[in-house]
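Q: Output the structure for:
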Amino acid sequence: MAKIDFMAQAEAMREELVARRRDFHQHPELAFEEVRTAGIVAETLNELGLEVQTGIGKTGVVGILEGDSDGPTVLVRADMDALPIEEANQTDYISQTPGKMHACGHDGHTTIGLGVAKLLSQHRDKIAGRIKFVFQPAEEIGQGARAMVTDGVMTNPKVDVSLGLHLWNSLPVGKVGVAEGPVMSAPSMFEITIKGKGGHGAMPNQTADPVVCAAQMIMAFQTIVSRNTDPLEQAVVSVATVKAGTARNVIPDSATLAGTIRTFSVATRDIIDTRMREIAEHTAAAMNCEAIVNLMHGGDAVVNHPEATQRVRAAFKKAGMSEENFLDERTMGSEDVGIFMTDVPGMYFFLGSSNDEKGLNYAHHHPRFDFDEDALPMGVALLSAAIAEYIIPE
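A: Take a look at the predicted model:
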């Protein structure tokens, strides 16, 4: 890789990065509503001389930076959408849109993606290959990546490797999560409707109580992970909502359970799927009820390819990062970026963004979420270095 001081060049962009991120933060847009954000992205990429496509996956933007010679195609993904949360911060750049805020760092991801495009466009003559910058909508509802893939983002030109990052308030700024293998889970959702026979709460013998049936199911579901899945395979089964009844003295006709399943492997997911259906249906039958089970499986787990992970780590060290700042970070949280990494090798790393001294340590999706903006130039430098490992020869 030709010697480029990525850290210094990214640091020189600090003021621009901070200003852009704060502008995005003040104007959050929900899934498939990212019209303003996508417009700024497209305009910026056009100004940098990239080939720009809009409307990919509804509101997604793709920018292709062609090098001066042939080589691999590196996909770089940044998500753009915000969340339906009322911001509780007291900064001078809080959301100007009631009920919406960037509570997960996507304003930073979009800013970093544009910063990388600017930095590497200045080295076009050194690039052997091309970079496909993918600015994705609707990550928060798990539909944007699939929509972009359906619209052909992995082809024309065909992608050879997929890279990306997530600002991560579980890690202090200056640390990076660079684990190999599964790092984020595949999400699944379930809704189970239990149909029974309602009646007077004082005469339960005349009913088929769906509430008691629901309670039995909830407890039984907790045995799936502890007794049916491989103890060396991580998994989560959480019942998050229970809805039944409207009066204290009336046993209702039905009850509804809903929740989430998180897994790292398809095999484990399939075991949970099978056991949940069996438990629901048989428990309902034993209690003279009927269970209607609806399980919906979302995107893929985010799995970092071994070779890609090693190359990215090597690139970080060349860029000046000490290996003592590398951490084996994993989470049962989910991200649809895994869809871009299903058929090609990929690496998705966590960029530390919290700072306890500044009070920037609230969790993602919290109304007071914010991050240390020192992570912005660091993200531009590290992501640029990772890309260069593939397309800027020594």
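
Q: Stretch 185-204: which residues count as buried?
A: 185-188, 190, 192-194, 196, 198-199 (16 or more other CB atoms under 10 Å). For the C-beta atoms, the positions are set from N, CA and C on the backbone; glycine is no exception.

Q: of all the residues you listed, which comes closest to Glu357?
A: Nearest to Glu357, judged by CB to CB, of those is Ser185 at 31.4 Å.

Q: quick one: which helix or strand includes the closest one?
A: strand 181-195 (DSSP states H and E).

Q: tell me what the helix or strand following that strand is packed against?
A: Per DSSP H and E, the first helix or strand lying C-terminal to strand 181-195 is strand 199-200. Identification of packing neighbours for strand 199-200 by 3 or more CB pairs under 8 Å, 6 or more residues apart in numbering; DSSP states H and E yields strand 250-251.

Q: buried stuff in the helix or strand following the strand it packs on?
A: Heading C-terminal from strand 250-251, the first helix or strand you meet, by DSSP H and E, is strand 254-263. Using 16+ other CB under 10 Å as the burial criterion, the residues of strand 254-263 that qualify are 254-255, 257, 259-263.

Q: Identify, from those, the entry nearest to Thr283.
A: Nearest to Thr283 among the buried residues of strand 254-263: Leu257, at 11.2 Å, using CB to CB.

Q: and the closest one, what is it in contact with?
A: 190-192, 194, 214, 217-218, 239, 241-242 (CB atoms under 8 Å, 6 or more residues apart in numbering).

Q: 6 Å instead?
A: Shown in contact with Leu257 (CB atoms under 6 Å, 6 or more residues apart in numbering): 192, 214, 239, 242.

Q: Likewise for Lys58?
A: 32, 147.

Q: Now do the SS call for it.
A: coil (DSSP: H, G, I helix; E, B strand; the rest coil).

Q: what's the distance between it and Pro252?
A: Lys58 sits 40 Å away from Pro252, going by CB to CB, to the nearest Å.

Q: repeat for Phe221
A: 21 Å.

Q: same question, Lys3
A: Taking CB to CB, one finds Lys3 at 70 Å from Pro252.

Q: Which residue of the two possesses the greater neighbour count?
A: Per other CB atoms under 10 Å, whichever of Lys3 and Pro252 has more neighbours is Pro252, with 20 against 8.

Q: Tell me which stretches of the stretch 251-394 of the chain form helices.
A: For the stretch 251-394 of the chain, the helices defined by DSSP state H, counting those that start in this stretch cover 266-286, 306-318, 375-391.

Q: re the thing from before, I'd like the contacts of Leu257 laid out as JSON lines, including distance to Thr44 and pLDDT.
A: JSON lines is the format used below for those (distance: CB to CB, whole Å; pLDDT from 0 to 100):
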{"residue": "Ile192", "distance to Thr44": "47", "pLDDT": "98"}
{"residue": "Ala214", "distance to Thr44": "51", "pLDDT": "98"}
{"residue": "Val239", "distance to Thr44": "44", "pLDDT": "98"}
{"residue": "Val242", "distance to Thr44": "47", "pLDDT": "98"}
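
Q: Highest neighbour count among those residues?
A: In those, the most neighbours by other CB under 10 Å go to Ala214, 28 neighbours.

Q: Now do the strand holding Ser185: everything it contacts.
A: 210, 213-214, 254-264, 280, 284, 289-298, 300-304, 330-335.

Q: Contact partners for the spatially most central residue of the chain?
A: Per CA atoms, centre = their mean, the C-alpha nearest to the average position across the chain is that of Glu335, at 2.6 Å. Taking CB under 6 Å, 6+ apart, we find Glu335 in contact with 184, 302.
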